[in-house]
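Engineer: coords please:
(one chain, ligands or ions: 1)
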Amino acid sequence: MAASGGAMTRGEAPSLATPAQIFGDRASFELHDEDVTTLRRQFDAVASLQNAPRPRDTEEDAEQQAEFLKWQAKHPFILDCFEQFEAHAKGKRVTLFLDYDGTLAPIVKDPDKAYMSAKMRAAVRQVARVVPTAIISGRGREKVTGFVGLRELFYAGSHGLDIVGPQINGKQGLAFQPAADFAPIMDRVYLILVAKSKDIPGSYVEHNKFCVSVHFRNCPPGSWQQVADLVDDVLSQHPNLHHTRGRKVLEIRPKVDWDKGCALTHLLGALGLADGQGVLSLYIGDDRTDEDAFTALQSRPHGFGILVSCKAKATKAAFTLRDPEDVRTFLERVVAWGRGPHNGWAQSGGCVGWSYDSTPLPTTPTSPMPARSNNLLSEEAFERAYDEAAQEASDAGSPLAGPHDSSRQQATEAHARDAATSARDSSEGDDPGAAMHSQHQGPPAHAQNKDKRKSDLAQDALHKLTGPQKRDSFREPAFLATPKSLLP
Ligand SMILES: O=P(O)(O)OC[C@H]1O[C@H](O[C@H]2O[C@H](CO)[C@@H](O)[C@H](O)[C@H]2O)[C@H](O)[C@@H](O)[C@@H]1O
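Structural biologist: Take a look at the predicted model:
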């Protein structure tokens, strides 16, 4: 039988078999297996013709595909060779650093709506329980903290220029702001940019505390140059600032010798892991500023970067993932690995390095969490501890301090108690961020922060009563002693 519809190059017209070619002089039209194969091939050939790119693009496509494969051979897709991670990580204390936009959350048009999924949040929370995990983002720290909504992590905002650890008993655990003096300049530059960009359609200026981002994703290409000129103009008036380029964004930053790589090294120092012996550090990111972190990892004894990209691009990362969904899969695999016998943190007493919640590592994924003693607290004991925490916060001039008007205070306290209860309850489930994100995936960051402040205050009260075992097992980072002069 004359077969047709065989292997075809994309864009090439298929030569179709006629019924006579398929059925020959057979008396019956009953289909034989090979007929079905032939028909299926024909169907595929027609379908591929319909979907085929125009012939002009075919060559470009093939070139891009070849380039991508060549690139991937140099920077393998880590989910295809997870055993390489396992081999590197065996018995080591893994530390994990994550970028936010384009890594944990997909790139979207509106920077204020770059929410991460509940599944991603659960994966990040779980991974932070098996290996110390930090977020290093170009966003303002408070904003990225609001998006991620997890207490177990360290957060570095403004491309690492603003590092703060979790609050411990009402006190800020750690703070490092190497460009603190620039805060007023950045405020001024932000206002100038907002005023001057108002006539550039689609532009958006975002204040990220020690960086100011000028977005042009939603500008027509014809006005991109206007955005670039505006940034140049502002920089020419501020010689102590410079800019970096991200994904359809220009980011104005202080001229200080500090980047995401420095932040990563600094955070490792906090864990007493500066020499890197027996430590494997990973950084996952998608953008140019993440390259500084990939580079920093190259000079450590063990560590590598993972670039999130579905296009070939120059990178210092050793491995690749294509998109945030892949990142989540990778994190879930690290969680499964981390619960096994080869996690170096488990061998050295559990992952309590940066983890606010020092619940011991479960030995199997299904082992139940120990009951929390605070479930047994009387309402009265809770109230007393709450008042003390509120008083302490107020004495310290903390933004956690509630209003002093008594009726408002009662309302706030009632709200905070609810928040504490739901935070406590949800911390026993799969996702403690759920308390903040239970209704939908992304309440505005300022609303989250407000609720979070209340919840923090109530949590502090709870820790007063239930904290001893938590406090004892929380290893305070070495750089709590950061010189005060570096802080605003
Ligand atoms: O270091 P990152 O956490 O990746 O932050 C870098 C910048 O990310 C955000 O902008 C990018 O994501 C937006 C939301 O998907 C998108 O609209 C924008 O075009 C991207 O450039 C963020 O808004 C910036 O402030 C960060 O500096």
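
Engineer: show me the contacts for Phe330.
Structural biologist: Ile78, Leu79, Phe82, Ile284, Ile306, Leu321 (C-beta atoms under 8 Å, 6 or more residues apart in numbering). (Each C-beta comes from the backbone N, C-alpha and C, glycine too.)

Engineer: If we use 7 Å, what do you get?
Structural biologist: By C-beta atoms under 7 Å, 6 or more residues apart in numbering, the contact set of Phe330 is Ile78, Leu79, Leu321.

Engineer: Identify those among these that sit within strands.
Structural biologist: Judged by DSSP state E, the subset of the contacts of Phe330 located in strands is Leu321.

Engineer: mind listing what's buried in the one helix or strand Ala73 maps to?
Structural biologist: Per DSSP states H and E, Ala73 falls inside helix 55-74. Neighbour-count burial for helix 55-74 flags Trp71 (criterion: 16 or more other C-beta atoms under 10 Å).

Engineer: So what's the residue count around the residue lying closest to Gly246 once chain neighbours are set aside?
Structural biologist: The shortest distance from Gly246 to any non-neighbouring residue, by C-beta to C-beta, 6 or more residues apart in numbering, is to Asp287 (5.2 Å). A total of 22 residues lie near Asp287 under the criterion other C-beta atoms under 10 Å.

Engineer: On the three-state scheme, Asp287 is what?
Structural biologist: coil (DSSP: H, G, I helix; E, B strand; the rest coil).

Engineer: Which residues are in contact with it?
Structural biologist: Contacts of Asp287 (C-beta under 7 Å, 6+ apart): Asp99, Gly102, Gly246, Arg247.

Engineer: how near is Pro184 to the ligand?
Structural biologist: 20 Å (C-beta to the nearest ligand atom, to the nearest Å).

Engineer: Repeat that for Pro111.
Structural biologist: Taking C-beta to the nearest ligand atom, one finds Pro111 at 3 Å from the ligand.

Engineer: mind listing what that residue touches?
Structural biologist: With C-beta under 7 Å, 6+ apart, Pro111 has these contacts: Tyr204, Glu206, His215.

Engineer: quick one: is the helix or strand hosting Trp337 near the ligand?
Structural biologist: Following DSSP H and E, one finds Trp337 within helix 324-338. No - contact of helix 324-338 with the ligand (C-beta under 6 Å from any ligand atom) is absent, the minimum separation being 10.3 Å.

Engineer: Could you list the low-pLDDT ranges of this protein?
Structural biologist: 1-57, 165-174, 348-488 (pLDDT under 70).

Engineer: can we see that at 80?
Structural biologist: 1-60, 151-152, 164-175, 270-271, 346-488 (pLDDT under 80).

Engineer: For the residue of the stretch 301-450 of the chain at minimum distance from the ligand, name its beta-bridge partners.
Structural biologist: Closest approach of the stretch 301-450 of the chain to the ligand (C-beta to the nearest ligand atom) occurs at Val308, with a separation of 9.7 Å. According to DSSP bridges, the residues that bridge with Val308 are Leu321.

Engineer: residues in the stretch 201-350 of the chain within reach of the ligand, list them.
Structural biologist: Glu206, Asn208, Ser213, His215, Arg217, Gly246, Arg247, Lys248, Val249, Glu251, Asp287, Thr289.

Engineer: for the first one, what are its contacts?
Structural biologist: Contacts for Glu206 were tallied using C-beta under 7 Å, 6+ apart; they are Pro111, Ser213, His215.

Engineer: would you turn these into JSON lines with distance to Gln277 and secondary structure?
Structural biologist: JSON lines is the format used below for these (distance: C-beta to C-beta, whole Å; DSSP: H, G, I helix; E, B strand; the rest coil):
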{"residue": "Pro111", "distance to Gln277": "40", "secondary structure": "helix"}
{"residue": "Ser213", "distance to Gln277": "38", "secondary structure": "strand"}
{"residue": "His215", "distance to Gln277": "42", "secondary structure": "strand"}
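
Engineer: Number of residues surrounding Gly344?
Structural biologist: Count around Gly344 with other C-beta under 10 Å applied: 18.

Engineer: Backbone dihedrals for Lys219, both of them.
Structural biologist: Just so we're on the same page, residue 219 is Cys rather than Lys. phi -90, psi 150 (degrees, to the nearest 10).

Engineer: Need the nearest residue in space to it, chain neighbours excluded.
Structural biologist: Gly202 (3.8 Å).

Engineer: Can you verify the one you found is assigned to a helix?
Structural biologist: No - Gly202 sits outside any helix when classified using three-state DSSP, being coil.

Engineer: measure it to Ser223 for me?
Structural biologist: Counting by C-beta to C-beta, to the nearest Å, the gap from Gly202 to Ser223 is 7 Å.

Engineer: What of Ile107?
Structural biologist: Taking C-beta to C-beta, one finds Ile107 at 20 Å from Ser223.

Engineer: Could you do Glu59 as well?
Structural biologist: Remark: distance between Glu59 and Ser223 (C-beta to C-beta) = 33 Å.

Engineer: For Leu104, the count of nearby residues, please.
Structural biologist: 28.

Engineer: quick one: the residue nearest to Cys219 and Val214 touch, right?
Structural biologist: No - Gly202 lies out of contact with Val214 (C-beta atoms under 7 Å); the separation is 11.5 Å.

Engineer: The two: which is more packed in?
Structural biologist: Val214 (25 against 15).

Engineer: residues from the stretch 51-200 of the chain in reach of the ligand?
Structural biologist: Asp99, Tyr100, Asp101, Gly102, Ile107, Val108, Lys109, Pro111, Ala114, Ser137, Gly138, Arg139.

Engineer: repeat that with 8 Å
Structural biologist: Residues of the stretch 51-200 of the chain lying near the ligand by C-beta under 8 Å from any ligand atom: 99-103, 105-111, 113-114, 135-140, 144, 159.

Engineer: Any of those residues buried? List them.
Structural biologist: 99-103, 105, 107, 111, 114, 135-140, 144, 159.

Engineer: Filter those down to just the ones in strands.
Structural biologist: Per DSSP E, these map to strands at Ile135, Ile136.

Engineer: In helices, which of the buried ones among the residues of the stretch 51-200 of the chain next to the ligand appear?
Structural biologist: For these, the ones inside helices are Val144, with DSSP state H as the criterion.

Engineer: For Ala156, list each beta-bridge partner.
Structural biologist: Taking DSSP bridges, one finds Ile136, Ile163 as the beta-bridge partners of Ala156.

Engineer: Let me see the contact set for it.
Structural biologist: Ala134, Ile135, Ile136, Arg141, Asp162, Ile163, Ala263.
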